[in-house]
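Asks: Predicted model and sequence follow; I will ask about them next.
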Amino acid sequence: MNCATDPIQRLLVVLDADFGDRLRQSWHGQPVWIVMSPVNEPVIRSLWATYSGQDHLTGVTGFRFDSNIAAEDSFIAELGTIDLHHGPYSTSSPYTILDVIAARRDIREALSELGFTDFIETAEGFSAERSLVEAKRLRE
């Protein structure tokens, strides 16, 4: 979908409350949003302390975890904030690829409203992609 000259910005969203230390291997200086569960929070805080120079475009962001709410619902509730921080309002190179770990329910409709059109199932969730034109489009 992206031309070779287009910058490809990946964003990882982790909905797995038991992801824990796997975050250390999954995070490679790309932006990550992860649920602040009791298992994940110590790893997130450790990464914040170790890599304090990271910003919202390269660092790890924790978001609210509630064991009574489906992971996909938490993700959909955060989607506007995620897009605000990694979309055209915050960067000239907005994310075009969204990798989601531990999504068990189809949330394509919510993502299609942000211009995502290509979805690939993965072993741990899915990957969604949108064109750079869609990624740069300002939404209300």
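Replies: Yep, it's here.

Asks: How about the longest helix along the chain, which residues are buried there?
Replies: Counting by DSSP state H, the longest helix found in the chain is helix 71-86. Neighbour counts over helix 71-86 (16 or more other C-beta atoms under 10 Å) mark Ala71, Glu72, Ser74, Phe75, Glu78, Leu79, Ile82, Asp83, His85, His86 as buried. Bear in mind the C-beta positions are built from the backbone N, C-alpha and C, glycine included.

Asks: now do stretch 46-55
Replies: Going by neighbour count (16+ other C-beta under 10 Å), the buried part of stretch 46-55 is Leu47, Gln54.

Asks: how far out from the middle of the chain is that stretch?
Replies: 18 Å (C-alpha atoms, centre = their mean, to the nearest Å).

Asks: In this structure, where is pLDDT below threshold?
Replies: Residues of the chain meeting the criterion pLDDT under 70: 1-8, 140.

Asks: Please, where are all the strands along it?
Replies: Listed in chain order, the strands of the chain (DSSP state E) span 10-14, 32-35, 60-63, 97-101, 118-121, 125-129.

Asks: Please name whichever of the ones you listed is nearest to Ser46.
Replies: strand 60-63 (9.9 Å; C-beta to C-beta).

Asks: So what touches the closest one?
Replies: 23, 27, 31-36, 40-41, 44, 47-48, 54, 74, 78, 81, 85 (C-beta atoms under 8 Å, 6 or more residues apart in numbering).

Asks: which residues touch Cys137?
Replies: For residue 137 the amino acid is Arg, not Cys. Neighbours of Arg137 in contact, by C-beta under 8 Å, 6+ apart: Pro88, Gly115.

Asks: same thing with Asp16?
Replies: Contacts for Asp16 (C-beta under 8 Å, 6+ apart) come out as Val35, Ala71, Ile101, Ala102, Glu124.

Asks: my read: the second one touches Val14, true?
Replies: No: distance between Ala71 and Val14: 9.4 Å, which falls outside the contact criterion (C-beta atoms under 8 Å).

Asks: So which of the strands of the chain is the most surrounded?
Replies: Highest mean neighbour count of these: strand 32-35, a mean of 25 (counted as mean count of other C-beta atoms under 10 Å).

Asks: partners of that one, with directions?
Replies: strand 10-14 (parallel), strand 60-63 (parallel) (DSSP bridges).
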